[in-house]
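**Student:** the sequence and its predicted three-dimensional model are supplied below.
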Amino acid sequence: MVTSVKPIIIVGGGLAGLTLGIGLRQRGVSAALWEAGHYPRHRICGEFICGRGQETLARLGLRDLLERAGAVGANTAAFFSATQSTRPLPLPSRAMCLSRFTLDATLAEKFRELGGELWEGKRRSDGDAGEGVVRATGRRLQAEEGGARWFGMKAHARNVPLTADLEMHVSPRGYVGLCRVNGGMVNVCGLFRRHAGESVGPQNRRELLRGPTGSPLHQRLASAEFDENSFCAVAGLSLRPYQAVTRADCCIGDAITMIPPVTGNGMSMAFESAELAIEPLVAWSRGEISWAETQPQIARRCDAAFARRLAWAKWLQRFVLTPSLQNALVRFAARSDWFWRMAFEKTR
Ligand SMILES: Cc1cc2nc3c(=O)[nH]c(=O)nc-3n(C[C@H](O)[C@H](O)[C@H](O)COP(=O)(O)OP(=O)(O)OC[C@H]3O[C@@H](n4cnc5c(N)ncnc54)[C@H](O)[C@@H]3O)c2cc1C
């Protein structure tokens, strides 16, 4: 008997969409992916991959592929505030850093190699959902949240001396992470708060990325040579956690919810949510379960996997962005291995 296999349409070819497409193709399910942009391209991201998503990558046979694409290992992290700093602290588990320019393009090529249909430069309308359609369209923009507007920026630079594989610099405006990526570059990526009515032009944005004069961040970037093509920015970020079961569509990755970037866990959640969706989608594709069963099954799996880390991340983000607590937090991290390991483990 020949089992009919229904195709899956994936909207959004970022990390979640591409990982899902690869997983489906590996199981013989036909998958078509719509991506509004093109590959390769720079994306806003700290480009620091850590946590369980690495196990997903290994299970899908993608970890070695990314290592071959140039991913750089990261084993230590150091934290800086206006007056405090830590020594390089060992990461509880090894992370990998790879530019999104290379990462997304590598996964897109793998998806095509496996027979996936990838349409670049094709934006699918939001209302165009329904059976067999998975939304992997990334973060949902939110003009303002809790009286603040969030925006992110990233650029690659050379000539940035680092004391650890990942440096995290906090300031009253937000935080900036620095990590080594492929090609001898350092990723400089920040999340900042803009108050209502305040205007932050492109030049001020670059200054924000460089940090306040005299700060350790400013010193690190004193001789930085930025790659102008790598600058990107995004405004209107939403950092409030959402549950997948509350979403009307079948969603994975940031389309469900965005975890605060301070955790460096968003990419991991994109990989993991894609993997969690594979089995129910394969079952639907083979006609074993209905769409009405498939969508909530995926949502419940994702919520069960992410609820705890989202709750911890919300508090961590709040503490890190409270100016009066920043020096104390960094001092505490410098003195207590337990505190730092706990914050790391609870948010992934
Ligand atoms: C400042 C900042 C720093 C970060 N740093 C880190 C970090 O260091 N480590 C980490 O793990 N995570 C980090 N993240 C989070 C991480 O970037 C995201 O969690 C991850 O990219 C989510 O993957 P995704 O596939 O869900 O979405 P995306 O990667 O955003 O992909 C969504 C895709 O959908 C496409 N699309 C959207 N709408 C449509 C449509 N209608 N039709 C067709 N295509 C569409 C878009 O073009 C895009 O390619 C950071 C985020 C920010 C903002």
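**Tutor:** Now that the structure is in, tell me what you want to look at.
**Student:** going forward, measure contacts between C-alpha atoms and count neighbours the same way
**Tutor:** Will do.
**Student:** now the helices for the protein?
**Tutor:** 15-26, 53-59, 63-68, 100-113, 202-210, 216-220, 266-285, 291-320, 323-335, 337-346 (DSSP state H).
**Student:** tell me the most buried of the ones you listed?
**Tutor:** Of all the helices of the chain, helix 15-26 carries the top mean neighbour count, a mean of 27, counting by mean count of other C-alpha atoms under 10 Å.
**Student:** what's in contact with that helix?
**Tutor:** Under the contact criterion C-alpha atoms under 8 Å, 6 or more residues apart in numbering, helix 15-26 has outside partners 10-11, 30-33, 60, 104, 107-108, 110-111, 114-116, 135-137, 252-253, 267, 270-271, 273-275, 277-278, 282.
**Student:** for that helix, what is the distance to the chain centroid?
**Tutor:** Centroid separation for helix 15-26 versus its chain: 16 Å, with C-alpha atoms, centre = their mean, to the nearest Å.
**Student:** in the stretch 201-348 of the chain, where is pLDDT below threshold?
**Tutor:** For the stretch 201-348 of the chain, the stretches with pLDDT under 70 are 202-203.
**Student:** residues of it that sit close to the ligand?
**Tutor:** 253-255, 261, 264-268, 270 (C-alpha under 6 Å from any ligand atom).
**Student:** just flag the most distant two among those.
**Tutor:** Greatest spacing in those, by C-alpha to C-alpha: A255 and G264 (16.9 Å).
**Student:** where does G147 fall, phi/psi-wise?
**Tutor:** With angles defined as degrees, to the nearest 10, G147 sits at phi 80, psi 0.
**Student:** where's it relative to S238, distance?
**Tutor:** As defined by C-alpha to C-alpha, to the nearest Å, G147 lies at a distance of 12 Å from S238.
**Student:** looking at these two, which is more packed in?
**Tutor:** S238 (21 against 10; other C-alpha atoms under 10 Å).
**Student:** which residues does the more buried one contact?
**Tutor:** 139-142, 144-145, 150, 258.
**Student:** contacts only, for R240.
**Tutor:** With contact set as C-alpha under 8 Å, 6+ apart, R240 has these partners: 257-259, 314.
**Student:** same question for C232.
**Tutor:** Under the criterion of C-alpha under 8 Å, 6+ apart, the contact list for C232 reads 42-44, 153-155.
**Student:** surely S268 meets I49?
**Tutor:** Yes: the pair S268 and I49 passes the contact test of C-alpha atoms under 8 Å, sitting 6.5 Å apart.
**Student:** returning to what we had before: for F231, find the nearest of the helices of the chain.
**Tutor:** Closest among the helices of the chain, using C-alpha to C-alpha: helix 202-210, at 9.3 Å.
**Student:** give me the helices and strands touching the closest one, please.
**Tutor:** strand 148-158, strand 186-195 (3 or more C-alpha pairs under 8 Å, 6 or more residues apart in numbering; DSSP states H and E).
**Student:** mind putting these in TSV, mean pLDDT and mean neighbour count included?
**Tutor:** Listed next are the helices and strands packed on helix 202-210 as TSV, based on pLDDT from 0 to 100; neighbours: other C-alpha atoms under 10 Å:
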stretch	mean pLDDT	mean neighbour count
strand 148-158	92	22
strand 186-195	92	24
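**Student:** only C-alpha atoms, please: export stretch 49-68 in PDB.
**Tutor:** Presented in PDB, the C-alpha positions along stretch 49-68 are these (Å, rounded to 0.1, in the frame of the first residue of the first chain):
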ATOM      1  CA  ILE A  49      24.800  29.400  20.000                       C
ATOM      2  CA  CYS A  50      24.500  27.600  23.300                       C
ATOM      3  CA  GLY A  51      22.200  25.300  25.200                       C
ATOM      4  CA  ARG A  52      20.100  22.300  24.100                       C
ATOM      5  CA  GLY A  53      19.800  23.600  20.500                       C
ATOM      6  CA  GLN A  54      23.300  22.200  19.900                       C
ATOM      7  CA  GLU A  55      22.000  18.700  20.700                       C
ATOM      8  CA  THR A  56      19.200  19.200  18.200                       C
ATOM      9  CA  LEU A  57      21.800  20.200  15.600                       C
ATOM     10  CA  ALA A  58      23.800  17.100  16.400                       C
ATOM     11  CA  ARG A  59      20.700  14.800  16.100                       C
ATOM     12  CA  LEU A  60      19.900  16.300  12.700                       C
ATOM     13  CA  GLY A  61      23.500  15.900  11.600                       C
ATOM     14  CA  LEU A  62      24.000  19.600  11.300                       C
ATOM     15  CA  ARG A  63      26.500  20.300  14.000                       C
ATOM     16  CA  ASP A  64      29.400  18.900  12.000                       C
ATOM     17  CA  LEU A  65      28.200  20.900   9.000                       C
ATOM     18  CA  LEU A  66      28.400  24.100  11.000                       C
ATOM     19  CA  GLU A  67      31.800  23.200  12.400                       C
ATOM     20  CA  ARG A  68      33.000  22.700   8.800                       C
END
